[in-house]
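Visitor: Next comes the sequence, and after it the predicted model I'd like to discuss.
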Amino acid sequence: MSTIIPQTMGQQYGRRSWAEPWKIKMVEPIHMISREERAQNLIDAGFNTFLLPSDGVYIDLLTDSGTSAMSDRQWAGMMLGDEAYAGSRNFYHLVEAIQTYYGYKHIVPTHQGRGAEHLISQAIITKGDYIPGNMYFTTTRLHQELAGGTFVDVIIDEAHDPINPHPFKGNMDIAKLEALVNKVGAEHIPYVSLAGTVNMAGGQPVSMANVRAIRQWADRYGIRVYLDATRMVENCFFIQEREDGYANMPIAAILKEFCSYTDGAWMSAKKDNLVNIGGWLAVNHEDVFEKARNMVVVYEGLHTYGGMAGRDMEALAIGIAESVSDDHVHSRVGQVRYLGELLTDWGVPIVQPVGGHAIFLDAKRFYPHIPQSQFPSQTLTAALYLDSGVRSMERGVVSAGRDPETGDHRYPALELTRLTIPRRVYTQAHMDVVAESVKAIYGARDQERGLKMVYEPDYLRFFQARFERVGRG
Ligand SMILES: *Cc1c(COP(=O)(O)O)cnc(C)c1O
């Protein structure tokens, strides 16, 4: 009799857990291939997780972009697609959803986030301008540069330290903004580029106090404030949790207030908005809207679909409403945090505090005996895949590329391996498997050898570079 109830359950009696606010209606089978097959796949992929076939992956934590599971409502919405070239009814639903939940006036749909970044950058940046932002994001900075602008990092110093416990490591430093005005003049700063949360800093949030201060500062100089809203819903969770006065305010109300301090936003709907493809630009000023709406027909599609099918816009409109539900956001961030807490308890070095969409393993502390020139983070992604078929992403010296002047590797302070959690896709049991695998390879860390790069493409090398193990035997 006593064997039916495991002992540990008795020990846990009295514990109250949270659970996902959904149940599973349809499943996608996955299975783990053998260790021998995984070893062969690694060699075939040149030890680069971007080159692995998805069928060889057991739990895929490469990215949270476009990998969300849609709800039954969203799938039902897909059947209500109005595929008219112009004036699709789904477009009006989308506009209404963005106006309702984000509060902006004018909407331009795009195929994904970078389409919106392209439009806003071309619409308001002139050659020689400077764009201050809270740490760069790859596509955002590239579009600002392609429009003739120069990105300037004005994030607080704490963001660059992987163990600093600051609750809002995504905040901007107003003194750095002020210094930029003094240096280049307000007339050369078309807007402040504010991201919530900050991906490259580990999914770190921006406080409401900070966006208010940015707004006040910008108003003094007549500078606009635009928001990268890609993971803004997750940002609102941290405000609710950590900032005075917001504990009892719903996520939806926090989102609306935050956006009210900005002049518009661009969005990769593939993240927060719970769809597999899509994006949008939303602005309050008529002049920017005019330009963006005119340009969208050149680069994306007519201004009532912007590269999306009608059914995609319907799923997106429904996804927006679902994404701001408190239950949803709590379980989303709760799952990321669950994985983070297991790893923290087991002494595995990760970026702290844990952010909204991913766990970042600190490869420098994980493999202190592997020099950065032998790619500790890349090594870690390979070790994790070999151990359990879990796919992660390198965010270290490979991603940082080479210095164009000297041709040497850039050696970033942060040498990280990202475990990115798709929304509504994996269960707590999957997180256990991931954590236990990370723990196992951490236990065997002394035996791990580094990698050498044997093929290096000219651009964005992390996507296609190939590696071999250093030494033999
Ligand atoms: C993904 C992402 C983008 C770009 O969006 P895409 O939909 O991939 O084009 C922009 N900003 C941030 C913060 C992102 O994570």
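Guide: Cool, the structure landed. Note that this is a predicted model, so its numbers are computed, not measured.
Visitor: can you map out the strands along the stretch 1-150 of the chain?
Guide: 59-60, 106-110, 130-133, 150-153 (DSSP state E, counting those that start in this stretch).
Visitor: and the nearest residue in space to residue 359 that is not next to it in sequence, which of the three is it?
Guide: In this structure, residue 359 finds its nearest non-sequential neighbour in residue 419, 4.5 Å apart by CB to CB, 6 or more residues apart in numbering. Glycine gets a C-beta too; all of them are placed from N, C-alpha and C. Put simply, residue 419 is strand when judged by DSSP: H, G, I helix; E, B strand; the rest coil.
Visitor: How about residue 301?
Guide: Going by three-state DSSP: residue 301 is coil.
Visitor: Distance of the closest residue to it other than its chain neighbours relative to residue 96?
Guide: Distances taken as CB to CB, 6+ apart place residue 307 nearest to residue 301, at 4.8 Å, with adjacent residues excluded. Per CB to CB, to the nearest Å, residue 307 is found 20 Å from residue 96.
Visitor: Show me which of those two is the more surrounded one.
Guide: Legend: neighbour count by other CB atoms under 10 Å for residue 307 and residue 96, higher for residue 307 (18 against 14).
Visitor: got the contact list for the more buried one?
Guide: 109-112, 115, 300-301 (CB atoms under 8 Å, 6 or more residues apart in numbering).
Visitor: cool, residue 48 as well?
Guide: By CB under 8 Å, 6+ apart, the contact list for residue 48 reads 378, 462, 464-467.
Visitor: residue nearest the centroid of the chain?
Guide: residue 199 (4.9 Å; CA atoms, centre = their mean).
Visitor: what is the nearest residue to residue 63 once chain neighbours are set aside paired to in the beta sheet?
Guide: Leaving aside its chain neighbours, residue 63 sits nearest to residue 420 (5.1 Å; criterion: CB to CB, 6+ apart). Beta-bridge partners of residue 420, counted by DSSP bridges, are residue 358.
Visitor: Might one say that residue 420 is in contact with residue 393?
Guide: Yes - applying CB atoms under 8 Å, one finds residue 420 in contact with residue 393, separated by 6.7 Å.
Visitor: Now the common contact residues for those two.
Guide: 61-63.
Visitor: Nearest to the ligand among these?
Guide: Nearest to the ligand among these is residue 63, at 8.3 Å by CB to the nearest ligand atom.
Visitor: Is residue 74 in contact with residue 313, as I believe?
Guide: No - Residue 74 is beyond contact range of residue 313, at 11.4 Å (criterion: CB under 8 Å).
Visitor: between these two, who's got more neighbours?
Guide: Neighbours were counted for residue 74 and for residue 313 using other CB under 10 Å; residue 313 has more, 30 against 22.
Visitor: Which residue lies nearest to the residue nearest to the centre of the chain in three dimensions, sequence-adjacent residues excluded?
Guide: Per CB to CB, 6+ apart, closest to residue 199 is residue 137, 5.8 Å.
Visitor: got a list of what that neighbour touches?
Guide: 195, 199-200, 228.
Visitor: What is the burial count for residue 298?
Guide: Neighbour tally, residue 298, other CB under 10 Å: 9.
Visitor: Distance of it relative to the ligand?
Guide: Per CB to the nearest ligand atom, to the nearest Å, residue 298 is found 18 Å from the ligand.
Visitor: Can you tell me what sits against the helix or strand containing residue 227?
Guide: Element membership for residue 227 (DSSP states H and E) is strand 224-228. Contacts to strand 224-228, defined as CB under 8 Å, 6+ apart, come from residues 120, 124, 137, 140, 190-196, 211, 214-215, 218, 258-259, 261-266, 283, 285.
Visitor: again with stretch 170-183
Guide: 130, 132, 134-135, 152, 154-157, 159, 189, 192, 194-198, 201, 204-207, 210, 213-214, 217, 221, 235.
Visitor: Alpha carbons of it, as CSV, please.
Guide: The C-alpha coordinates for stretch 170-183 follow below in CSV (Å, rounded to 0.1, in the frame of the first residue of the first chain):
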residue,chain,number,x,y,z
GLY,A,170,16.5,47.5,-18.6
ASN,A,171,16.2,51.1,-17.4
MET,A,172,17.8,54.0,-19.3
ASP,A,173,20.3,56.3,-17.6
ILE,A,174,18.8,59.8,-18.0
ALA,A,175,22.3,61.3,-17.4
LYS,A,176,23.5,59.4,-20.5
LEU,A,177,20.6,60.8,-22.5
GLU,A,178,21.5,64.3,-21.3
ALA,A,179,25.1,63.8,-22.2
LEU,A,180,24.1,62.8,-25.7
VAL,A,181,22.1,66.0,-26.2
ASN,A,182,25.0,68.0,-25.0
LYS,A,183,27.3,66.3,-27.4
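Visitor: I'd like the average pLDDT over it.
Guide: Here stretch 170-183 scores 98 as its mean pLDDT.
Visitor: Then stretch 129-145?
Guide: 92.
Visitor: what do you get for stretch 69-82?
Guide: In this model, stretch 69-82 has a mean pLDDT of 98.
Visitor: what comes up buried for it?
Guide: 69-71, 74, 77-78, 81-82 (16 or more other CB atoms under 10 Å).
Visitor: again, but for stretch 101-121
Guide: Those would be 101-104, 106-121, for stretch 101-121 by 16+ other CB under 10 Å.
Visitor: Stretch 319-337 now?
Guide: Those buried within stretch 319-337 under the rule 16+ other CB under 10 Å are 319-324, 326, 328-333, 335-337.
Visitor: Stretch 290-304 too?
Guide: So stretch 290-304, judged by 16+ other CB under 10 Å, has buried residues 291-293, 295-296, 300-304.
Visitor: Equivalent analysis for stretch 163-178, please.
Guide: Result for stretch 163-178 [16+ other CB under 10 Å]: buried residues 168-173, 176-177.
Visitor: repeat for stretch 423-441
Guide: 423-426, 430-431, 433-435, 437-439, 441.
Visitor: that older thread, nearest to the ligand among the strands of the stretch 1-150 of the chain would be which one?
Guide: strand 106-110 (8.6 Å).
Visitor: residues contacting the closest residue to the ligand within the chain?
Guide: Across the chain, the shortest distance to the ligand (CB to the nearest ligand atom) belongs to residue 113, at 2.3 Å. Each residue near residue 113 by CB under 8 Å, 6+ apart is listed here: 139, 230, 266-271, 279.
Visitor: before we move on, back to that, for the strand holding residue 227, C-alpha coordinates in PDB please.
Guide: Provided in PDB are the C-alpha atoms of strand 224-228 (Å, rounded to 0.1, in the frame of the first residue of the first chain):
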ATOM      1  CA  ARG A 224       9.700  61.600 -29.500                       C
ATOM      2  CA  VAL A 225       9.700  58.200 -27.600                       C
ATOM      3  CA  TYR A 226       9.100  55.000 -29.500                       C
ATOM      4  CA  LEU A 227       8.700  51.600 -27.900                       C
ATOM      5  CA  ASP A 228       9.900  48.200 -29.100                       C
END
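Visitor: Noted, bye for now.
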